Every structure is written in structure tokens, then in C-alpha cells.
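Peer 1: This is a predicted model, with the sequence first.
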Protein chains: 2
Amino acid sequence: MASRAVVLLSGGLDSYTAAAIAKSEGFALCALTIFYGQRHAREVESARSVARALAVERRLELNVDLRGIGGSALTGAIEVPRDRDPCAAADIPATYVPARNTIFLSLALGWAEVLEARDLVIGVNALDYSGYPDCRPEFISAFEALANLATRAGVEGARFHVHTPLIAMSKSDIIRRGLEIGLDYGLTHSCYDPTPGGGPCGRCDSCVLRAKGFREAGARDPLVLR
Amino acid sequence: MASRAVVLLSGGLDSYTAAAIAKSEGFALCALTIFYGQRHAREVESARSVARALAVERRLELNVDLRGIGGSALTGAIEVPRDRDPCAAADIPATYVPARNTIFLSLALGWAEVLEARDLVIGVNALDYSGYPDCRPEFISAFEALANLATRAGVEGARFHVHTPLIAMSKSDIIRRGLEIGLDYGLTHSCYDPTPGGGPCGRCDSCVLRAKGFREAGARDPLVLR
């Protein structure tokens, strides 16, 4: 039987590609999707489509409403930055969600322990990204150290591994790799602040990074064609 | 203005005492209570009473339903162990909730960042306890290291500190200390599996540890008197 991996599946391009890479490495995927009160809740529907396309073994959706915590343009009244080059920005942007990946990986860890999985997969990227602290390799290493101390499985000798297959890839590398393995990016959703009809705004950091990635990969984004 | 501390306030005896100690040290308390689908949801009401008694500056309740993850007697169909000596048990008991304190501290960290607090308080105890891995000092240290890497505040130079005032105290020491500073333990709730009327069962590990603590402190538990 294939080893299980718990993959954080948001419905975006990165997590879809990271999950597909883990699947190609032989893992049986257990997909965890977290609704955290984000503006772009539409991505949860994309996560369902992507999970079907990946034929995951299990799927779990959890609600953790981070709007009570606030402090982010993605969960609160702060405006989403637009029409800028996210890679050139010096500061961590307003779309940073305090402790989000720590919270998400913690939930993934709990589920992994129950499933007897030792592998977690997260589509973080520290190259064409927005400077979020919880996307960096040193954060991931610290989480692995914590996971082994935090759990019954760790006390019993298990060693958790957090896979970050995209961490050193550019957005265009990610897209090229995904297209090579036949992914349908038309199923995904990347925009931070979708239009009332649910389509991408084309102007937020996430849309800008996605467009740059497709352009540099010499490919067309099926979402923009639609 | 007093420094803020985010305290995880469950409504139990330990978190009440830990919060009161932090308050006596001069912190303005921001109390975070998490409803996680526990059997003993009644403790959330106790948390409200305790927060009032402590005159906290802010209070936040978050829902994170861990029943979807399962794997614990506190959130699932597994039976709560009864009528045993929890300190003598060799194994981590069925009441262990996978990754619970990692999830709780992550949520506290997110809120702390928004509040510009650098101090977190958790009533973990590694002496008269049930052997949970996420109550040990090495877990707490690993979480502090993670917190500094995970956050915008950490990138900007902040250093988070997780206060564990009870970690090396026996249950009777905790109760003695609380009674000295005038805490009303009648407001708290410790039982893992309350009776239909909401009272303590008297037989779960948490009830057994609490009774032992009051006995050794030479005090009467106001909950049992009622």
C-alpha cells in the first residue's frame, strides 16, 4: 500500500502542482482544505475539483474562521494591494495572514497523526512569492522539529517530513512542470479578491504572479481564456 | 500601558491559575478560548466566567472543529479512561488530542501578532499530568523558535515568549498558589466527560488529578461541594 501524505490543498495553482508531484512520487494523497474566512472562498470549490482530478484517497474540509483574529487583507477590511510588482516590494504585504501556515500545518499534523501518515505536503514557494515569512525553508525545518516533539507519534519515534516540492522553483518552472504532467490549471483559482462573478481580478499580487508565470512559461492560462 | 499577553483560557483550573499568575506579573490579558468539538464543551461557559473574574482586556472565542480529525477520546467515539491513576499510566492516554497544543498556540500566535503582543501564556503542566507530549518544556521551546520564524513580527526582530508558569508545579502546588491569590475554583470546569447535568464525573483522569490536588493541598474543591 502506498504511504499516505497529507497535502494542504487550497485550490490554487501551487498546491495543485505540489500535490500532483507528491502523487507522482507514489504517495496516496489525503487532501486537507481549510476554509478560514478568506475573501476568496471560491477557492474551496476549486479545491474540490482539484481533489477529484487528483483522485485523492481522502478529503477533509475544516473551518477555522480567522476573521476573528484579523490583521490581514485576506480575512478583514484591509484593502488587497493591486497593480504592483509583488517581487519588487520590500515589505511583507497586507495579504499576509498572521501565523496562517503554522495553523494550517498544525491541523495537517493532527490529521496525519490519526492517519498514521508521516509526510505533509505544502505548496510554499520562496522565489516568485510575496515575501511571507511562513513560506521559507527555515520555517519548514522549525516546523518539522516541532512536529516530532508535539505528537504521540514523535514520542514513539516517528519522524515527520514536510515536503515543499516548489520551494525553490520560479512560478514559470512550476507551471511548466504542471503542464508536463498534464495538470488542468483551469480547475484552479488563484485570485485574492475575485470579481462578483467569481473570476480573477487580474490585479492582485496573486493574479500578477500567475500571469507572469504563464507568460514566462510560454503558456496560456486557461482561466484567462475563459 | 501594561504589556499584553495572549492566554489560552479553557475554563479549567490550570489555565485559570496560569492566567492569574500572568496578571499578577503585570500583563494585560487577552483571553483566547477555543471550542474544538470537545465532549466537555461546558468548559467554554466556565472560560467566560473565569475571563470575567480576571477582568481580561479582550476575549476571543474561536471554533475549530477537531472532530473531523478524530483520533481522541475527547473529540470522538473513543471512550474516556476512568478510575485509574493517570500518573502511574505508562502510555499517552486516549484523551490525547493530536497536535492540540500546536494548533492552539498557533492560533494564539496569530492573534498575538495582530495585538502586538509578544507573550503567550499556556497552563501546561509536566508533573501531575497525563503524559501529553505537547505539555513538555522541549515542545514549548521548539514552538518559540518556530514563532519567531513564522511571523512578520519575528522577521522584524520580535521575540515571542511562551510562559508556562505551571510547568514544574504539582497539582496541589497549583491549587495552593491559586487559593493564595484568591481564585474561585468554583468557576472552573475540569471534567473530560461531564454528567448530563454538566457536573464532574469524578472518574476521568482530569477529575482524579483534580481531586488528588485538592486533597494534597488540604483544601476542598468547591465544585464537589456543590
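Peer 2: Arrived safely. Residues are numbered from 1 along each chain as shown, chains lettered A, B, ... in the order given.

Peer 1: Am I right that A:Ala51 sits in a strand?
Peer 2: No - under DSSP: H, G, I helix; E, B strand; the rest coil, A:Ala51 sits outside any strand and is assigned helix.

Peer 1: hey, where'd the helices end up in chain A?
Peer 2: Secondary structure of chain A by DSSP state H: the helices cover A:13-24, A:42-53, A:100-115, A:137-150, A:152-155, A:171-180, A:205-217, A:222-225.

Peer 1: need the contact list for A:Glu61.
Peer 2: A:Leu32, A:Thr33, A:Ile34, A:Phe35, A:Val44, A:Ala47, B:Gly68 (C-beta atoms under 8 Å, 6 or more residues apart in numbering or on different chains). Backbone N, C-alpha and C define where each C-beta goes, glycine included.

Peer 1: list the contacts for the second one?
Peer 2: Yep, that's A:Thr33 we're talking about. A:Thr33 touches A:Leu8, A:Leu9, A:Ser10, A:Gly11, A:Val44, A:Ala47, A:Arg48, A:Ala51, A:Arg59, A:Leu60, A:Glu61, A:Leu62, counting by C-beta under 8 Å, 6+ apart.

Peer 1: Let's see that with 7 Å instead.
Peer 2: Counting by C-beta atoms under 7 Å, 6 or more residues apart in numbering or on different chains, A:Thr33 makes contact with A:Leu9, A:Ser10, A:Val44, A:Ala47, A:Glu61.

Peer 1: between those residues, which is closest to B:Arg152?
Peer 2: Of all the contacts of A:Thr33, B:Arg152 sits closest to A:Ser10, with 20.1 Å by C-beta to C-beta.

Peer 1: burial count for that closest one?
Peer 2: By other C-beta atoms under 10 Å in any protein chain shown, 25 other residues sit near A:Ser10.

Peer 1: Equivalent analysis for A:Leu32, please.
Peer 2: 29.

Peer 1: how much space is there between the residue located most distally from the centre of chain A and A:Glu113?
Peer 2: Centroid-distance maximum for chain A: A:Glu156 at 29.5 Å, with C-alpha atoms, centre = their mean. Per C-beta to C-beta, to the nearest Å, A:Glu156 is found 10 Å from A:Glu113.

Peer 1: swap in A:Glu45?
Peer 2: The gap separating A:Glu45 from A:Glu113 is 28 Å, by C-beta to C-beta.

Peer 1: between these two, which one's more packed in?
Peer 2: A:Glu113 (26 against 14).

Peer 1: Next up, the contacts around the residue nearest to that one when sequence neighbours are not counted.
Peer 2: What sits nearest to A:Glu113 in space, not counting adjacent residues and going by C-beta to C-beta, 6 or more residues apart in numbering or on different chains, is B:Pro98, at 4.0 Å. Residues near B:Pro98 by C-beta under 7 Å, 6+ apart: A:Gly110, A:Glu113, A:Val114, A:Thr151, B:Ile69, B:Gly71, B:Ser72.

Peer 1: ok, now A:Ser15?
Peer 2: A:Leu8, A:Leu9, A:Gly123.

Peer 1: can you check A:Ala47 too?
Peer 2: A:Leu9, A:Ser10, A:Gly11, A:Thr33.

Peer 1: 10 Å instead?
Peer 2: A:8-12, A:15-16, A:31-35, A:59, A:61, A:187-189 (C-beta atoms under 10 Å, 6 or more residues apart in numbering or on different chains).
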